[in-house]
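Enquirer: Give me coordinates for this.
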Amino acid sequence: MSYENDTVYQAVKAKFEDALEEIKEKPMLTFYIKYEHKDKLKEIAQVIADQIGTSYGETCSAVDYPDKQIFDVFWFIWSFDTRKMYAIRTRVPYSSPKVPSLVEIWPSLNWHERETHEMFGIEFEGHPNLAPLLLEDYEDIPQYPLRKSVTLEKRKTRHI
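Expert: Predicted structure coming up:
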């Protein structure tokens, strides 16, 4: 299936082509936002939300690429109206791991952004509450435990 005629594809590409690194169609329509245009990320997300109708922020997470010194941050959005999944991705450098929060558009992303912040150290600017979600009572766990720089040797075994 080609998304060339998809209204979401057309709306985002027409308005934000300069901010897009690429658009991939498989396995879902994925918009890669250039980091230098991260200030447009929320605007792009709003256009997607307006185009896809009733939608739900399915998840948010990150992938750590230590060899490139970047994180790949992504949000998956489900549309009940189009019955399709959409993805928004951007790459952020280790030196400034900050992206706009999309919680204002999809409140269901609240805990997902908090968890990504807690596990990877990525700051979601404008998030209403980035307080620890899972690790607040675990002082023996290293900061940002899902970063690849945290080796098994640095992790302690906890018996419950």
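
Enquirer: Which parts of the protein are helices?
Expert: 7-16, 41-52, 110-120 (DSSP state H).

Enquirer: How are the strands of this protein distributed by residue range?
Expert: Using DSSP state E, the strands found in the chain span residues 20-24, 29-33, 55-65, 70-79, 84-93, 98-100, 123-125.

Enquirer: Buried ones in the fifth one, by neighbour count?
Expert: Buried residues in strand 84-93, counted by 16 or more other CB atoms under 10 Å: 84, 86-92. Placement of C-beta: from N, CA and C, glycine included.

Enquirer: ok now do the residue nearest to the spatial centre of the chain, which residues does it touch?
Expert: Nearest to the geometric centre of the chain sits residue 74, at 2.9 Å (CA atoms, centre = their mean). Shown in contact with residue 74 (CB atoms under 8 Å, 6 or more residues apart in numbering): 60-63, 87-89.

Enquirer: Low-confidence ranges, this protein, go.
Expert: Filtered on pLDDT under 70, the chain yields the residue ranges 1-5, 137-142, 152-160.

Enquirer: from the chain's centre, how far out does stretch 121-133 sit?
Expert: Its chain's C-alpha centre and that of stretch 121-133 lie 12 Å apart, by CA atoms, centre = their mean, to the nearest Å.

Enquirer: No further questions, thank you.
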